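Peer 1: What shape does this take:
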Amino acid sequence: MSSATVVPETRDLTGDDARRTLRDCGRRKLIGDAFVRLRVADGFSHARSLAYTTSLLLVQAIIAIVGVAVAFGSGGVSHVIVRTLHAAVPGPGGDLLTRTVAQANAAGATHRYGGLAFGLVGSLVTASTTLAQIERAFNRLYGVEQDRPTLRKYGLATVLAVTAGVFICIAFAALALGESIGTSLHNREANDAWAVARWPVSFALITVAVMLLLRHSPRRRQPRLSWLAFGATVSALLWVVVTVALGVFFSLSSSFGDTYGPLAGVVALLIWSFLAAVAVLLGAAMAAELEAVRAGVAQPQDPKKVEHSEPRRARPLDAARAS
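Peer 2: Modelled structure (predicted):
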């Protein structure tokens, strides 16, 4: 059970702004308290669940996209997918997913619409489950113990999977296909400008996606977007750092593949998914803690919840009764 302090709703408060509150409380203190909030809200357990569903979603989404390409005879899509995966998922994890592309192509040659049907249904179900898990994780970060009713919860999760998911897909495509897009402009200046601009554009799209999740996933009235922007920016920044750092590590490491053998791709994909989930949840914890500071309840852990969650211990017998 989460022992995070309940964050009061501050949507109706006026007379202050997020930048001033952030400056007054201090970024270092906010980051430290946000980490405590993440820990006491059982955030790392939620991150593990998100890592599993995200990895499964990536595989099913690949099958769905390749299924569309095979069904409608667009053979060049597979090369686009491979390039996108290598840009988005570092090291052996990307290699594992690119092998999924080859497998989906082979299956599509025999069952033209099988991959399309299974991939689309599986992607929709897994995406809804992933976003529902994000709602649960965000609720616990804000101290909310009860999720939405089932139909509302998964209905909203499906909508967010389509909206926020589109921003993330465009961001990954901009990173992976940036060079090809720039070349197609047939203008050297525009090509050079796009080679630089695609990075902040992708970063901005990921930030917007996380901000959408922060705005709509928790079961509470969220404040204005300015109060969520810092947490969303931190999430996107950490996500990029995790992806680049793991990519460098896997490219330099000669023992990772030898250690895990044929499981190296699976392990790498799960490591990346877990760290990416932690990045998103830590940014959400910062947004929650910043609003808690605004409401005057900056302590990230509720002592009452800690006492309530502790197991009962047998009391020592009274000396008189013992005699």
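Peer 1: how about residue 5, phi and psi?
Peer 2: Here is the backbone geometry of residue 5 (degrees, to the nearest 10): phi -60, psi 140.
Peer 1: I'd like the distance between it and residue 155.
Peer 2: Distance of residue 5 to residue 155, given as CB to CB, to the nearest Å: 29 Å. Bear in mind the C-beta positions are built from the backbone N, C-alpha and C, glycine included.
Peer 1: Name the residue in these two with the higher neighbour count.
Peer 2: Counted by other CB atoms under 10 Å, residue 5 and residue 155 do not tie: residue 5 has more neighbours, with 26 against 14.
Peer 1: Is that one in contact with residue 300, as I believe?
Peer 2: Yes. At 6.0 Å, residue 5 and residue 300 qualify as touching, with contact defined as CB atoms under 8 Å.
Peer 1: which residues do these two both contact?
Peer 2: Counting by CB atoms under 8 Å, 6 or more residues apart in numbering, the contacts common to residue 5 and residue 300 are 37, 292.
Peer 1: Need the contact partners of stretch 152-168.
Peer 2: 124, 127-132, 134-135, 147-148, 205-206, 208-210, 212-213, 216-217.
Peer 1: if we go to 7 Å?
Peer 2: 127-128, 131-132, 135, 147-148, 205-206, 208-209, 212-213, 216-217 (CB atoms under 7 Å, 6 or more residues apart in numbering).
Peer 1: What mean pLDDT does stretch 152-170 get?
Peer 2: Across stretch 152-170, the average pLDDT comes to 87.
Peer 1: Pull out the buried residues from that stretch.
Peer 2: Under the neighbour-count criterion of 16 or more other CB atoms under 10 Å, stretch 152-170 has 153-154, 156-158, 160-161, 164-165, 167-170 buried.
Peer 1: So which of the residues you listed sit within helices?
Peer 2: Among the buried residues of stretch 152-170, the ones falling in helices (DSSP state H) are 153-154, 156-158, 160-161, 164-165, 167-170.
Peer 1: what packs against the helix or strand hosting residue 39?
Peer 2: Using DSSP states H and E, residue 39 sits in helix 27-40. On a contact count with 3 or more CB pairs under 7 Å, 6 or more residues apart in numbering; DSSP states H and E, helix 27-40 meets helix 264-295.
Peer 1: Can you work out which other helices and strands pack against the helix it packs on?
Peer 2: Using 3+ CB pairs under 7 Å, 6+ apart: helix 264-295 touches helix 18-25, helix 27-40, helix 43-71, helix 91-110, helix 114-141, helix 188-216, helix 225-252, helix 256-260.
Peer 1: same for the first one, what does it pack against?
Peer 2: Helix 18-25 is packed against helix 225-252, helix 264-295, with contacts defined by 3+ CB pairs under 7 Å, 6+ apart.
Peer 1: between it and helix 264-295, how big is the angle?
Peer 2: Angle, helix 18-25 to helix 264-295, by axes from the mean of the first three to the mean of the last three CA atoms, to 10 degrees: 90 degrees.
Peer 1: and the angle for helix 18-25 with helix 225-252?
Peer 2: 70 degrees.
Peer 1: I would like the residues contacting helix 18-25, please.
Peer 2: 30, 226, 227, 230, 290, 293, 294.
Peer 1: Tell me the spacing between the fifth one and residue 275.
Peer 2: It refers to residue 290. For residue 290, the distance to residue 275 - CB to CB - is 23 Å.
Peer 1: about what we covered before: out of the contacts of helix 18-25, the closest to residue 12 would be?
Peer 2: Among the contacts of helix 18-25, residue 294 lies closest to residue 12 (CB to CB), at 11.7 Å.
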